[in-house]
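K.L.:
need a 3D model of the sequence below.
(4 chains)
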Amino acid sequence: MDFNDTPEEAEFRTEVRAFLQQHGDKFRTRDSFSRENAKEWQVIKADAGYAAITWPTKFGGRGGTEIQQVIYDQEERHYELVYNVFRVGLGMCIPTLFAYATEEQLERYVEPALRGEELWCQLFSEPAAGSDLAGIRTKAVQDGDEWVINGQKIWTSFADTADFGILLARSDFDAPKHAGMTFFFIDMKSPGIECRPIKQITGDSHFCEVFFDDLRVPDSQRLGDIGAGWKVALTTLMNERLAVGHTGGPDFEEIFALAQNLEVADQPALKNAAVREKLVDWYITCQGLKYTNFRLFTALSQGAQPGPEASIIKLVGAEKQQEIASYGMDLIGMGGNMMDAELAPMAAAFQDSFLFAPVSQVAGGTNEIMRNIIAERVLGLPADIRIDKDVPFKDLPTGPGK
Amino acid sequence: MDFNDTPEEAEFRTEVRAFLQQHGDKFRTRDSFSRENAKEWQVIKADAGYAAITWPTKFGGRGGTEIQQVIYDQEERHYELVYNVFRVGLGMCIPTLFAYATEEQLERYVEPALRGEELWCQLFSEPAAGSDLAGIRTKAVQDGDEWVINGQKIWTSFADTADFGILLARSDFDAPKHAGMTFFFIDMKSPGIECRPIKQITGDSHFCEVFFDDLRVPDSQRLGDIGAGWKVALTTLMNERLAVGHTGGPDFEEIFALAQNLEVADQPALKNAAVREKLVDWYITCQGLKYTNFRLFTALSQGAQPGPEASIIKLVGAEKQQEIASYGMDLIGMGGNMMDAELAPMAAAFQDSFLFAPVSQVAGGTNEIMRNIIAERVLGLPADIRIDKDVPFKDLPTGPGK
Amino acid sequence: MNFDISEDAKAVANTAQDFLREHSPMTAIRRVFDKEIQYDAELWKSMAELGWLGAGIPEKYGGVEMGAEVLCVLAEEIGRVLAPVPFSTSVSLATSAICAHGSEAQKNDLLPKLAAGEVIGTFALAEGNGDPDASRIKAKVKNGRLSGKKYPVTDGSIADFAVVVARDEANEIGLYFCDLSTSGITSTPIETIDPSRNTVSFNFENAEVEPLGDAWLGWQSVQNLLDQAAIILAFEQLGGAQACLEMARDYAIERYAFGRPIGSFQAVKHKLANVYIASELARSNAYYGAWALGEYSTELSQAAATAHLSACKAFQLAARENIQTHGGMGITWEADCHMYFRRARTLGLEIGGPIFWQERLMSQLEQQALAG
Amino acid sequence: MNFDISEDAKAVANTAQDFLREHSPMTAIRRVFDKEIQYDAELWKSMAELGWLGAGIPEKYGGVEMGAEVLCVLAEEIGRVLAPVPFSTSVSLATSAICAHGSEAQKNDLLPKLAAGEVIGTFALAEGNGDPDASRIKAKVKNGRLSGKKYPVTDGSIADFAVVVARDEANEIGLYFCDLSTSGITSTPIETIDPSRNTVSFNFENAEVEPLGDAWLGWQSVQNLLDQAAIILAFEQLGGAQACLEMARDYAIERYAFGRPIGSFQAVKHKLANVYIASELARSNAYYGAWALGEYSTELSQAAATAHLSACKAFQLAARENIQTHGGMGITWEADCHMYFRRARTLGLEIGGPIFWQERLMSQLEQQALAG
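P.N.:
Sure thing, here's the model as predicted:
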């Protein structure tokens, strides 16, 4: 048992470090949503073969391993270079194209995506289809060589700036739920698309609602068979990359530091046994997550594919984030609700995290969905009773009395 | 807002106190399962009109109110006079007879039960029908004027000493689950009944398994119509009395006292902030339960019937019992697992409670069932999806592949 | 046994509920969030007219003296709709301080105006981070002039006066009345997690103040005020918790996924059952607080801490699970969930965080144990 | 990155799992519960033959020196089936103590016998209630004779010798070897929550002992032994947690209610998902402990406390939820659930309760923070 890279991994890490040392500093940023920064950086990464490590070389990838991707991500994090903007395109959209698009399409779309010249987004969720993704109602009607799309999507990152998107729509309302969907990719600059940013609890707007009003999509942009959209969507979702590190917000180190600097009940917070007990609890959870990640990396290093076991990282991380943020405010006391960066300890990191924590517990799968995944896919427990499997979609109840 | 009895209640309480002062001391006991003690006491109570306060006078009751029953129970507790032995009979069996038995039967059975001369038990649960009580499989087949009963019951208190029992059995396996049951009362001394005590986790055996092997029951002992047994059973279950007080085991006072007398981390446990925080949590829960009880009593005092709101008393109490017991052992440290009454603090109350706590969380409805009751009957949330409602009982799955 | 809110207080609560539902829908607080208004002045006026602002003020000072239970149930109704008015500061703290400690002149001057909603008061205790504690008070009064910083002060931007906790020349702690329009005061808005609370930082430089009453009052008087406020606040939190539970329940019934209401999933049902349990326990403890407040019971401190901690727990749980039940909708600005989430957290800090109240309760219980 | 148990250790674990499944089914521990036997002597012999008892003993003392990871995975397999053998006492504590601190003569005498399963050792630390602490040690050695009380001592009724923590004439703490067949020792069985642990109280009255090794060892040596034992124990707890999770999972699949497997209800699914999460975190922390133990890392104390606390939490949760998943069956004597429930609780106390280990971990973290 050791924490060391294999010789091959060590060599790769050395290469990555050299690369980052050469180029990384200029692109350091804390605005992980900036497209401009990200684009310049992406070209450099692509040229050096780091933009899509696990992709086959014929598509501009490196033909590398999952563990190489992890190593690259670990190193890149030190430079605060983790941009979110291309993640969906390279992680989910283009891999779906690999499986279902024509050679010509791949030639046309892969490279610009890889080099950050074209931005992709993913149009799956709908107001009435969140946890129940297969409940989508956006309608696709065939009209000659084209499809006409009407409906609404939600929670789409970068929809307003994206060039292309992958779209899951319902082409048959008479078929059972999972059998009536068809999958497309679309040009986000087409007429008939309107994007509206959604303001979140934090005040930021990192997601959009997208409205389709008679959007026309050529049948050539269909991916997979008519009615087989769910199968294609599952391919997309399978490509979610193993997340590195933690959910965000102050973690053990930060709450420890906070407790070092505050007093509660007439003594330094760090000397208070109740505070100590909580710190220990979080330490154990943090260490457990860290070493669980190491175990997952080890499995990848030995050639395994990321599996549902990794769900616990996100689930535990999100719950911990909420608790630590709130407890930090407890420690601060009567001033705990202040968000002015000059007044609140650590530039209001705890308050920011408190408001973001509910997002962590919903985005990317609610806590409830994550627990279901663990129960069913890891432990092998039976699925929930499903009443929405074998009826025509149009007959499924969608509300009280409907 | 006050904690005082109404003038009528105060008068009743005075009467009760005088009665208990006169007779109570001789019957003080800590063995609440002793039938002998209980029987003598029951006669005295019956003569004084306290044996069944809410029953109509024509059945030997007092025609009193629910709040009078609560007052009586509160006072009786001071004398440690709460015997369990007649509770099921007077609380559930006989009230079911009131609703469904003939005049002659009532004349025959009510008074001996009331005076503790005859003991009743309740035969509902089965190995495969616990939380899902309507899943019973004990078979009742009509044979002329009699019924022949075969099957097995479980968790029956006092089955081995009881004189009579009420029995829920399945008379029609082709009908849907809730429509195929019939309800009887039976003579527990009949041939064809075998009782075996079940040893529990604590080592005690307060419950029995009961086996029926061609038990013959006259049709005259059927309560309600053939196939209407579920309706009758619901009457029985509706008669559960509002529980007074807490679930059992050490509570806030005891863990506080323990913390006064132990040292942890080089200081008196009571001075340790982590201990203090936990004590405060339990104090708040205890007070919350106490005053919730007061609110329930107030409602009874104003004429309300006990409702599902009272479920929280049992649920919260059982979870608290487990936590306090286990934490008490944490405080005791390396000696925490000792159960010798001379060696373990408070005569091993924490250890006893630790082993009993799992029983509290299952008996009388599991925590999961209690939460479902609260969600559905108090909050009005929809029922779980039921797949066992409209199929013939015999076709319901009972195991993997069955 | 009559452990229930009195019929009179219930009647006030029912009226208040109807009135607030009509006059303080969630659109009211949105206007504060959107910085259109700082508080709902019109509603505040109506509340004065209904006698609510004078509910704790004796009749001879222009109040209607409706008793502790009425104050409590009003707070509950205000908490239910997050009514954007300075009730917890002006009524529970400032008015109580003047009733309890003001001189006859101060009472005669201020109480009628408070009852009429003509002036708004607030309570300036905190000096930055930390729980309430005598040792943290540095603000100083010399020759009737106050110097020092007080922050955060809730409703500080809309208050006409503040009751300030400060030290005198002899370093003793007391309560001081300060007209906020006087010179020597700089008020700076503070951004907090709850933008509807009008929170500011006050910098006093030789600002004119006068002692509340004649006597030196000491830290104990601060603590007494906090105890009383904690009970009323517990009801405000309870109202919020109840609103969250109802929102979540309704949404869980209406919202369908997988062809069924999400409220039919045990994950949702049991979550909401837990919220119900926490709320019921909090309600019971709050009632005990109301009783202790009404009776001037010797158990007041203990009841206050119990009620407050129980209510904090219930409201914070309810607010969090309400968001979670709403899923994606819950984390939008557009949904009302986050306003309760923010309020729950901030009410659990403004008069001291849980560690403070836990310690306060525990020391009461220790004293009680010692007393036998 | 190779953060996994080595292939060699995995091979031992697989053999051990198959062997124990065959030779130590749950009927074995039932015989101890039913007081038919005190421990499974035959299994113990087999374990000696398989080299397991000498896994931590150098070859020159008759051991097979298989390394820390092997000790850990063996503990896991023993924990999985609750094998009724004195592994955690004789191997993790007594053998480790002699390896670490014994004189050459003591090692030559005892280690071969321990490896061969000819003698069983235990560790006598506790003197009644309380967590491990130098200040609690009153047992005294004068002129090579020990007096004092030690209780509870696990496996005390089957051990041939004990390593005793006691003070010398100069009041310094040290470790002493005590042959339990010597005169001056009264052994009284103690009833505990886990009847399979052969717990006793020892009363020593001038019983002959000899110091372990020559040097004075001090409290630090006790703490070091506890650290090592905590890591091995964490694996034993992990095995127990895993067994509980599997029992509960299997039961939830087989047991039908309302016409469906109870494992299809989210209340059950999410409960077991939580158990899985706790177990996985505990496993990861235990691996870190195994690494630290194998590397004699300076992080050993910290890793030990982390591994132990994490494993305690996982096993206790798993044992509790296993009973709850089994419902009525779970609370019977006949079902195996309660044996894990008892064991989980007792393993969380025998080498000190959570408050002790939390404090130990926290002081390590503070030192680390001070060190920069």
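
K.L.:
show me the chain divided up by domain.
P.N.:
By default, I'm working from chain A. A:7-114, A:120-230, A:245-362 (automatic domain parsing).

K.L.:
could you do chain C instead?
P.N.:
C:7-118, C:122-211, C:219-371.

K.L.:
the first one: end-to-end distance?
P.N.:
This points to domain C:7-118. Terminal residues of domain C:7-118 are spaced 30 Å apart (C-alpha to C-alpha, to the nearest Å).

K.L.:
quickly check: it near chain B or not.
P.N.:
Yes: taking C-beta under 8 Å from any C-beta of the partner chain as the criterion, domain C:7-118 and chain B are in contact, through residue C:69. The C-beta positions use only the backbone N, C-alpha and C, and glycine is treated the same way.

K.L.:
would you tell me which residues of the stretch 301-402 of chain A are close to chain B?
P.N.:
If contacts are counted using C-beta under 8 Å from any C-beta, the residues of the stretch 301-402 of chain A sitting beside chain B are A:385, A:387.

K.L.:
comparing the domains of chain C, which comes out most buried?
P.N.:
When you average the neighbours per residue for each of the domains of chain C (mean count of other C-beta atoms under 10 Å in any protein chain shown), domain C:219-371 leads with a mean of 23.

K.L.:
so residue A:151 makes contact with residue A:138?
P.N.:
Yes: here residue A:151 reaches residue A:138: they are 2.9 Å apart, a contact under C-beta atoms under 8 Å.

K.L.:
can you pull the residues that touch both of the two?
P.N.:
With contacts defined as C-beta atoms under 8 Å, 6 or more residues apart in numbering or on different chains, the residues adjacent to both residue A:151 and residue A:138 are A:126, A:169, A:212.

K.L.:
before we move on, what SS does the second one have?
P.N.:
Same thing as residue A:169. Going by DSSP: H, G, I helix; E, B strand; the rest coil, the secondary structure assigned to residue A:169 is strand.

K.L.:
low pLDDT regions in the chain?
P.N.:
Let's take chain A. For chain A, the stretches with pLDDT under 70 are A:29-33, A:82-83, A:240-247, A:402.

K.L.:
ah, I was thinking of chain C
P.N.:
Flagging of chain C using pLDDT under 70 yields the residue ranges C:215-216.

K.L.:
mind listing the strands for the chain?
P.N.:
By default, I'm working from chain A. Assignment of strands within chain A using DSSP state E yields the ranges A:120-123, A:139-143, A:146-157, A:164-170, A:181-187, A:193-198, A:207-218, A:222-223, A:263-264, A:267-268.

K.L.:
nope, chain C
P.N.:
Going by DSSP E, chain C shows strands at C:121-124, C:140-142, C:145-153, C:161-167, C:173-179, C:185-189, C:200-208, C:210-211, C:256-257, C:260-261.

K.L.:
redo the ones you listed as TSV? Include distance to chain B.
P.N.:
Shown next, in TSV, are these (distance: least, C-beta to the nearest C-beta, whole Å):
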stretch	distance to chain B
strand C:121-124	25
strand C:140-142	32
strand C:145-153	25
strand C:161-167	25
strand C:173-179	25
strand C:185-189	35
strand C:200-208	31
strand C:210-211	35
strand C:256-257	10
strand C:260-261	5
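
K.L.:
not counting its neighbours along the chain, what's nearest whichever residue of the stretch 251-372 of chain C sits closest to chain A?
P.N.:
For the stretch 251-372 of chain C, the nearest residue to chain A under the criterion C-beta to the nearest C-beta is residue C:259, separated by 3.3 Å. On the basis of C-beta to C-beta, 6 or more residues apart in numbering or on different chains, the spatially nearest residue to residue C:259 that is not a chain neighbour turns out to be residue A:388, at 3.3 Å.

K.L.:
check contacts around that neighbour.
P.N.:
A:132, A:135, A:177, A:396, C:258, C:259, C:260 are the contacts of residue A:388 under C-beta under 8 Å, 6+ apart.

K.L.:
tell me which two of the residues you listed sit farthest apart.
P.N.:
Maximum pairwise distance among the contacts of residue A:388 (C-beta to C-beta): 12.6 Å, between A:177 and C:260.

K.L.:
circling back: so which of the contacts of residue A:388 is the closest to residue C:309?
P.N.:
Minimum separation from residue C:309 among these (C-beta to C-beta) is found for residue C:260, which lies at 37.3 Å.

K.L.:
mind listing what that closest one touches?
P.N.:
With C-beta under 8 Å, 6+ apart, residue C:260 has these contacts: A:387, A:388, A:397, B:382, B:385.

K.L.:
pull the longest helix from chain A.
P.N.:
helix A:273-301 (DSSP state H).

K.L.:
angle of that one against helix B:273-301?
P.N.:
Using axes from the mean of the first three to the mean of the last three C-alpha atoms, to 10 degrees, the inter-axis angle of helix A:273-301 relative to helix B:273-301 is 100 degrees.

K.L.:
next one: helix A:273-301 to chain centre, how far?
P.N.:
Once both centres are worked out by C-alpha atoms, centre = their mean, to the nearest Å, helix A:273-301 turns out to sit 22 Å from its chain's centre.

K.L.:
is it anywhere near chain D?
P.N.:
Yes: contact between helix A:273-301 and chain D is present through A:273, A:276-277, A:279-280, A:283-285, A:287-292, A:294-295, A:297-299, A:301 (criterion: C-beta under 8 Å from any C-beta).

K.L.:
including distance to residue B:228, could the strands of chain C go into JSON lines?
P.N.:
Formatted as JSON lines, the entries for those read as follows, by distance: least, C-beta to C-beta, whole Å:
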{"stretch": "strand C:121-124", "distance to residue B:228": "65"}
{"stretch": "strand C:140-142", "distance to residue B:228": "81"}
{"stretch": "strand C:145-153", "distance to residue B:228": "66"}
{"stretch": "strand C:161-167", "distance to residue B:228": "69"}
{"stretch": "strand C:173-179", "distance to residue B:228": "71"}
{"stretch": "strand C:185-189", "distance to residue B:228": "70"}
{"stretch": "strand C:200-208", "distance to residue B:228": "70"}
{"stretch": "strand C:210-211", "distance to residue B:228": "78"}
{"stretch": "strand C:256-257", "distance to residue B:228": "35"}
{"stretch": "strand C:260-261", "distance to residue B:228": "30"}
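
K.L.:
how about the contacts made by the closest residue to chain B within chain C?
P.N.:
In chain C, the residue that lies nearest chain B is residue C:281 (3.0 Å; C-beta to the nearest C-beta). Residues counted as contacts of residue C:281 (C-beta under 8 Å, 6+ apart) are B:284, B:285, B:288, B:289, B:292, B:312, B:316, C:310, C:314.
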